[in-house]
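1. Got a predicted model here, sequence first, then my questions.
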Amino acid sequence: MYRALKIFLLTLSLALPAFATVVKADDNIHTLVDALGVGDFPEREVAIKALVASKDANVGRILRELSDGKLFVSQDGGPVLIIGGTDDAPTFSDPVTGDAVSDIDSDAMVKVKINNTLRGVLSASLSQLTLLSPDRSARLSAAQDMLKDADPANLELLNSALTQEKDGEVKKTMEAGRAVMLLKSNASPEDKKNAIDTIAARGDRDALAILNTAMQTAPDDLKPALQRHMDSINTSLALWDVAQNIWYGLSLSSVLMLAAIGLSITFGVMGVVNMAHGEMVMLGAYTTYVVQEAVVSHLPNLADYSLAFAVPAAFLFTGFVGFVIERAVIRFLYKRPLETLLATWGISLILQQAVRSIFGPTNREVRNPSWMSGSFDLGGLDITWNRLWIIVFALVVFFALLMLLKRTPFGLQMRAVTQNRRMASSMGIRTAWVDAFTFALGSGVAGMAGVALSQIDNVSPNLGQAYIIDSFMVVVFGGVGNLWGTLVGAMSLGILNKFLEPYAGAVLGKILVLVLIILFIQKRPRGLFALKGRAVEA
């Protein structure tokens, strides 16, 4: 019993100082807040700085309330309170704890006034509190704001924050802001030269704009250094622009390859000019929309992974539609290319109108999952996640088809029919069924292309029309029925398009590409990668 009493007294003796410290700190912050309501403007400035120095977690909110004119004090003196409620029925609460305070005569309460000087002090104080915030994103945002404004009056504040900053990206932004402030201030030439080096190290367009502005007011001895850094940044940006165009070209190439690869299979094996291929792409996009809506409605927890359901669904549905089209129409029109072209064109119009009747003529929204949203910087490149994943998806589809053609019995039969249909038939291959399943495979791949396109384009009945001509150009340029030719053709035309667009425009660029392809076909009628075989050579 005696031992237990000793433990209790010891615990109490240790707890009392901590409790006293808490009470004292709470009383101190209330005292500092109440000081805002007394004295004149210089005394309130002292009170604001004392609040900031206290490092209390509530200070930022209290100062924002002061800036918004929501702090009130009684004419007879007393605590500073926050006003709320309505004009007819105002309410008051403690600015530190947020607890409601009753029995307040609202007629006796007056606003804690501030002037322009205090507004500047408040702005600087809030910036300081944000720069020292434990939240990294808040510090980064404040540093970016200071870099944008670059007011030399905040130089001392930024220097103080820099000494405490540990995060690399935030510190780099702060250093850039400090350098811009130095250029605008009356700093020594040596300090300004170091500031120029700091800004130039960023190497981006913002740095170029800052240096260009500084050049107009810089002393003559600093202008050579400024010009040297500007020339270096311009050269670097030109190289990054080339890399960015290549990235855009790869992004377009992946879309073209997905849209053209199915057409390459059907055109190469069956010799069918399928004008309804674009509508297979469109059906794949609408399948993605339907699957996403179903997953969101019935399995909302899996909404972020709806594309995992949409890819096989689009492949199976469009493959089935292609199989039906081949069995119902195209198999009766082999070796009649003009009739086949007209029939598939009519089928494309029927499919477009069917989709309009079911879903309406307006665009449908297919939402990007979180893992395909946003972008990131890679050096000087701006890379969007949806384009990156489409490139990965296109390559996966390409190599999966390559394995299918090279490593499976069906792929062997397809290649045999492509190279010599009569010999394949005489060897027991049912060429009619190979044609049907090949057309279904090409349509299914087009459907998967529609899944990818739904992430970067509007899902509408006319979706496929934008890619059908480019798909034919890729197939003809790369070589009919050759997957590697399709890959090289899509990459070449995609990158060429993106390099021509800045100089010739989108429409004229496509025309130039078409002219170049026509000239190329005059020299190599079978494309880059011509198929080999007796029937093909004939």
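-> Yep, it's here.
2. I figured residue 273 hits residue 341, correct?
-> Yes - with contacts counted by CB atoms under 8 Å, residue 273 reaches residue 341, the gap being 4.8 Å. Placement of C-beta: from N, CA and C, glycine included.
3. Mind pulling up the pLDDT for residue 458?
-> Residue 458 is assigned 84 on the pLDDT scale.
4. Can you give me the neighbour number for it?
-> 15 (other CB atoms under 10 Å).
5. tell me the contacts of it?
-> Residue 458 makes contact with residue 363, according to CB atoms under 8 Å, 6 or more residues apart in numbering.
6. swap in residue 284?
-> The contact partners of residue 284, by CB under 8 Å, 6+ apart, come to 314-315, 317-318, 446-451, 453-454.
7. now, which of these sits nearest residue 328?
-> Using CB to CB, residue 318 comes nearest to residue 328 of the contacts of residue 284, at 15.4 Å.
8. Can you name the helix or strand that the closest one falls in?
-> Assigned by DSSP states H and E, residue 318 belongs to helix 306-328.
9. Give me the buried positions along that helix.
-> Judged by neighbour count using 16 or more other CB atoms under 10 Å, the buried positions of helix 306-328 are 306-307, 309-311, 313-315, 317-319, 321-323, 325-327.
10. One more: stretch 181-200?
-> Neighbour-count burial for stretch 181-200, counted by 16+ other CB under 10 Å, picks out 181-185, 187, 192-193, 195-196, 198-200.
11. same deal with stretch 226-245?
-> For stretch 226-245, the buried set under the neighbour-count rule, 16+ other CB under 10 Å, comprises 226, 229-230, 233, 237, 240, 244-245.
12. for it, the distance to its chain's centre please.
-> 24 Å (CA atoms, centre = their mean, to the nearest Å).
13. Kindly report the same for stretch 217-236.
-> Averaging C-alpha positions (CA atoms, centre = their mean) puts stretch 217-236 33 Å from its chain's average.
14. Quick check: end-to-end length of stretch 77-84?
-> End-to-end distance for stretch 77-84, by CA to CA, to the nearest Å: 20 Å.
15. again with stretch 102-121
-> Taking CA to CA, stretch 102-121 runs 32 Å from one end to the other.
16. Equivalent analysis for stretch 110-120, please.
-> The first and last residues of stretch 110-120 sit 22 Å apart, counting by CA to CA.
17. For the protein, which element, helix or strand, carries the lowest mean pLDDT?
-> helix 534-537 (a mean of 43; mean pLDDT, DSSP states H and E).
18. How many neighbouring residues does residue 252 have?
-> Neighbour number of residue 252 under other CB under 10 Å is 21.
19. Skipping adjacent residues, who's closest to it in space?
-> residue 494 (3.9 Å; CB to CB, 6 or more residues apart in numbering).
20. wouldn't that neighbour be in contact with residue 246 here?
-> No - proximity of residue 494 to residue 246 does not meet the contact threshold set by CB under 8 Å, at 9.8 Å.
21. higher neighbour count, those two?
-> residue 494 (24 against 16).
22. quick revisit: now the buried residues of stretch 181-200 in CSV, with distance to residue 357?
-> Below are the buried residues of stretch 181-200 laid out as CSV (distance: CB to CB, whole Å):
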residue, distance to residue 357
181, 63
182, 67
183, 64
184, 64
185, 68
187, 71
192, 69
193, 71
195, 66
196, 65
198, 63
199, 60
200, 61
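23. Point out where the stretch 351-500 of the chain drops to low pLDDT.
-> In the predicted model of the stretch 351-500 of the chain, residues 480-481 satisfy pLDDT under 70.
24. Try it again at 80.
-> Judged by pLDDT under 80, the stretch 351-500 of the chain has its weakly predicted residues at 377, 379-380, 418-421, 466, 479-482, 499.
25. hey, where'd the helices end up in it?
-> Remark: helices assigned in the stretch 351-500 of the chain by DSSP state H, counting those that start in this stretch are 385-407, 409-419, 421-426, 431-453, 465-478, 483-504.
26. Output the ones you listed in CSV; the columns should cover distance to residue 368.
-> As requested, these are exported to CSV (distance: least, CB to CB, whole Å):
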stretch, distance to residue 368
helix 385-407, 6
helix 409-419, 34
helix 421-426, 44
helix 431-453, 12
helix 465-478, 19
helix 483-504, 22
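27. Return the most buried member of these.
-> helix 431-453 (a mean of 26; mean count of other CB atoms under 10 Å).
28. picking that back up, of the buried residues of stretch 226-245, closest to residue 505?
-> Set against residue 505, the nearest of the buried residues of stretch 226-245 by CB to CB is residue 245 (14.8 Å).
29. unless I'm mixing things up, that closest one is touching residue 496, no?
-> No - under the criterion of CB under 8 Å, residue 245 is not in contact with residue 496, lying 10.3 Å apart.
30. ok, back up a step: the helix holding residue 318 - contacts with which helices or strands?
-> helix 277-298, helix 431-453 (3 or more CB pairs under 8 Å, 6 or more residues apart in numbering; DSSP states H and E).
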